[in-house]
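Colleague: fold the following and give me the result.
(chains A and B)
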Amino acid sequence: MLPYRPALRFKQGEYNAAGRIRPAMQRQVRPYFILPPLIEKDPELQKVLTHDEIAYVTGERIGKHWPRYPAYMDTQYVMREPSDEDINRLFQVARARNPNLIAVIPASDLGNSLWRGLLLDTFPRAAIHLRAEDLDGDVLRDGLQALGLAASECEIFVDFAGLELDPEIATEVVGGTFNELSEIANWGCIVFQGSNFPTTNPAEAGKTQLVPRHEWTVFNAAVRDCDFPTERLGFSDFGADCGQINFPTKKGGAIPIPHIRYTTKTDTVVIRGKAGGKQSEVMKAVLKDLVARPDFAGKMFSYADRRMWDAANGHATPGSASMWREWNMAHHITRVAHDLAAMSGHSFEDEVEHEEPEQIDMFADI
Amino acid sequence: MNTGIILNEKELREARSRVTALDEALATDEYLRRVVEGLPPEVVKQLASTLRAERDDLNDAIQAYEVAKGTGKPTPLERRAESDPGLMLIVARIAKGYTQRDLAWRLGVKEQQVQRYEADRYNSISVKNYARIAALLGVRLSAIIEPNPQFRGLDKVIDDVSKEGIRKILKHGRANGWFSDDMDESRLRQYIAENRIDFGSPTFLRTGLNVQDHSEDVLLHAWRARVVTRAKEVIREGIPRYDPVNTGWLNQLPKLSVFSDGPHRAQQQLYEAGIVLIAERQIPGLTIDGAAFIEEGVPVIGLTLRKDDIGNFWFSLLHEVGHVVLHRLTGLASGFFDQFDAASIDEQEAQADAFASNMLIPEERWRKSTARIAKTAQPAEKLAKELGIDPAIVFGRIQKERNDYALFSKKIGRNTVRKVLIEQPEESNDAAISSGTKV
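Modeller: Presented below is the predicted three-dimensional model:
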């Protein structure tokens, strides 16, 4: 069932999380980096980037945060009407930093000769991204033929984002889709991709909301039901986030909502801070609520859990919006990697970390 | 209802040829697939079972005739005659080894006279003549008086019918051209009483229905009577004989949904297959969607179009077609009266549901369709296109499965079917509730 293939927007919080999880886990995680639309200002550089700059910046970030292990790179959204040359350059620069980047090819674009030059020599030579609603055997067969690629040499991601994942109905649909795909071709791997997380923050100010991880439940049930070999099925969710990539852009910077999205075995717990007040205090209260929960996995579960525990207990600052995203994602990746490993009889050690030395309050007794 | 009874050599030849055709169709899966070409596997399975039952019934009818004729033992044929006094005389003649000419000679009448008697099943013969033939053929005619007879006068038959129920029928009937203005309460009561005697007690008609209260029974009777009357008019004009072995027309039926006048085309196609389809508004207070029964040997489907949308129409229609196709031998004579929003645990209703669902959207396609979990319309529209059906059927199925009727509510073809299938009251006064009350 491993590697775990989290679909991560290639943003600061996400690439920091991927880059900071422990190396033993990184080897079993293969991020599916979705380069977000960079047609607006880059949030880090605070400027609108040219296509060349996008290629350069992406390459630099790959080199810094994910230089060693394989990862997928989905370039469908990153530029407005990119030329083949733009995409080529993007891969060229990024692969100079990490040669194991797997090109994600939209199923509808398999016939484009651009992708032929971007195939890797090792498995998987490419990944195909297919929106579940667009499944069409002829399109896939013709596309593979045009590409000169055997289905067994690639992985196909079936994206159920945007679909209703209520397990009662969706399990049959997902299992049926796996079966249909396996009848179309002998895929190297079929990867389920989906998210039940809503597109808007589900928790009201000062409240906690549980969002069921239907994508995980549905995947597990469909794996049991379908005829395709389990070891050639993969799981991809969108971290602790929804599957929508293109959001309407808002003018001006939105004020971040202090909240945490914490993945448990069954749900995403969304704890949202009270409206008003100083952001750091509100967020500290959020984290205090989190670590007091019985489903908090413990401070040694991941570096992010440790960081959140520290902040809740006043040993560290409660961070910024991009750090909250990083903690959400790092914890989520760790959680899912653990669970996927368990499905195939593997396990990961807890975080091996020395307790941070704590300064004794000199005047505690006074 | 069974296949009927074989009473002469011509009918015997026909029956044998049908058994041969069924043997061939059922010999291998490949043959069967050819016979039921284009139908979903789930429906093929249901039809195979029905065809086997048809064959068994035909073989039973053949054997009954041959035993009576060959050995003189009338019992199996007698059983198929179901105590019908007229048929009993014919069975007796066959068992005695008499030809129609032999019997005519013994009666001192022309052979054609006996032919006429038998063609009419002795329905119009006098009791005196009946007794004479019975005596000759060794048939004992008897009558029994019950020790504590319940008075069955017309008033007694309808003593549970409320004035309110009668008024409701009168109002609805007048508004919808069921009968003339001179139909009054007392005539309607008499009509309902006669109707009950013809069709049986209301309880008998409750198959598949969740009757809310007793007053609904009389409404159901009146609705059925109206449908029967209209069906009889179609039958009188002449209709092809329904052949349970011929299923070639089934596959095309759901595909007619893509036409704006699809319901009308379906009505025509059913007629060509020997089935009468009558769309008749229900009487307010009666929550019935459809019915299927036999009238004068012809399968009749009645639909109220209570919920006027495309998905409901095609599901209701295919459900009732399911009763005709699957349950001809096992309940159609009694009739099926259906209410689709009430839970039913009846096995035959479940079979008709499965038939309708699979005919419209085969289960194997539905199971893996993303239309089931889509938040946008495109997957449903794509599936409908692939299946060659109206997308409204898929949207209706999604609503039902997700139990969310607000979903795609503008895409289910609301208020489109009645316009096509139910004539406006002013134009439709061509059939009375009973043939005796022509408008």
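Colleague: C-alpha only now, for contacts and for neighbours.
Modeller: OK.
Colleague: give the contact list for the residue of the stretch 251-400 of chain B found nearest chain A.
Modeller: Closest residue of the stretch 251-400 of chain B to chain A, C-alpha to the nearest C-alpha: B:Lys368 (4.0 Å). Residues in contact with B:Lys368 (C-alpha atoms under 8 Å, 6 or more residues apart in numbering or on different chains) are A:172-177.
Colleague: can you narrow these down to the ones near chain B?
Modeller: A:172-177 (C-alpha under 8 Å from any C-alpha of the partner chain).
Colleague: still on that earlier bit, among the contacts of B:Lys368, which one sits closest to B:Tyr31?
Modeller: Distances from B:Tyr31 to the contacts of B:Lys368, taken as C-alpha to C-alpha, are shortest for A:Gly176 (28.8 Å).
Colleague: element containing the closest one?
Modeller: helix A:167-184 (DSSP states H and E).
Colleague: same check on A:Phe91?
Modeller: helix A:84-97.
Colleague: show me what that helix is packed up against.
Modeller: helix A:51-65, strand A:101-106 (3 or more C-alpha pairs under 8 Å, 6 or more residues apart in numbering or on different chains; DSSP states H and E).
Colleague: CA atoms only for the longest one - export them in PDB, please.
Modeller: Read that as helix A:51-65. C-alpha atoms of helix A:51-65 as PDB (Å, rounded to 0.1, in the frame of the first residue of the first chain):
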ATOM      1  CA  HIS A  51       7.100  31.700 -16.700                       C
ATOM      2  CA  ASP A  52      10.900  31.600 -16.600                       C
ATOM      3  CA  GLU A  53      10.800  32.700 -13.000                       C
ATOM      4  CA  ILE A  54       8.200  30.100 -12.100                       C
ATOM      5  CA  ALA A  55      10.500  27.400 -13.500                       C
ATOM      6  CA  TYR A  56      13.400  28.800 -11.500                       C
ATOM      7  CA  VAL A  57      11.600  29.300  -8.200                       C
ATOM      8  CA  THR A  58      10.000  25.900  -8.400                       C
ATOM      9  CA  GLY A  59      13.300  24.200  -9.100                       C
ATOM     10  CA  GLU A  60      14.900  26.000  -6.200                       C
ATOM     11  CA  ARG A  61      12.100  25.000  -3.800                       C
ATOM     12  CA  ILE A  62      12.300  21.400  -5.000                       C
ATOM     13  CA  GLY A  63      16.000  21.400  -4.400                       C
ATOM     14  CA  LYS A  64      15.600  22.800  -1.000                       C
ATOM     15  CA  HIS A  65      12.700  20.800   0.300                       C
END
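Colleague: for the residue of the stretch 251-400 of chain B closest to chain A, what are phi and psi?
Modeller: With angles defined as degrees, to the nearest 10, B:Lys368 sits at phi -110, psi 10.
Colleague: follow-up on the earlier one: can you point out the buried residues in the helix holding A:Gly176?
Modeller: A:167, A:169-182 (16 or more other C-alpha atoms under 10 Å in any protein chain shown).
Colleague: for stretch A:255-264, same thing?
Modeller: Under 16+ other C-alpha under 10 Å, the buried positions of stretch A:255-264 are A:257-264.
Colleague: could you list which of those belong to helices?
Modeller: Taking DSSP state H, every one of these sits outside helices.
Colleague: intersect these with the contacts of chain B.
Modeller: Applying C-alpha under 8 Å from any C-alpha to the buried residues of stretch A:255-264, none is adjacent to chain B.
Colleague: of all pairs in the residues you listed, which one is the farthest apart?
Modeller: Farthest pair in the buried residues of stretch A:255-264, by C-alpha to C-alpha: A:Ile257 and A:Thr264, 21.3 Å.
Colleague: so where's the stretch 1-150 of chain B shaky on pLDDT?
Modeller: B:1-3, B:146-150 (pLDDT under 70).
Colleague: mind listing the helices for it?
Modeller: Assigned by DSSP state H, counting those that start in this stretch, the stretch 1-150 of chain B shows helices spanning B:9-27, B:29-35, B:41-71, B:75-81, B:85-96, B:100-107, B:111-119, B:127-137.
Colleague: ok, which of these comes nearest chain A?
Modeller: helix B:41-71 (16.6 Å).
Colleague: show me what counts as buried in the closest one.
Modeller: Here helix B:41-71 shows B:41-44, B:46-48, B:50-55, B:57-69 as buried, counting by 16+ other C-alpha under 10 Å.
Colleague: from chain B, how far off is A:Ile190?
Modeller: Note on A:Ile190: its distance to chain B, by C-alpha to the nearest C-alpha, to the nearest Å, is 16 Å.
Colleague: quick one: neighbours of that residue, just the number.
Modeller: 26 (other C-alpha atoms under 10 Å in any protein chain shown).
Colleague: which residue sits closest to the residue nearest the centre of chain B in space, ignoring its chain neighbours?
Modeller: Centre of chain B computed as the mean C-alpha position; nearest residue by C-alpha atoms, centre = their mean is B:Phe293, 2.5 Å away. Distances taken as C-alpha to C-alpha, 6 or more residues apart in numbering or on different chains put B:Gly335 closest to B:Phe293, at 4.2 Å, once the chain neighbours are dropped.
Colleague: next, give phi and psi for that neighbour.
Modeller: According to degrees, to the nearest 10, B:Gly335 has phi 100, psi 150.
Colleague: what number of residues are in the vicinity of it?
Modeller: When neighbours are defined as other C-alpha under 10 Å, B:Gly335 has 26 of them.
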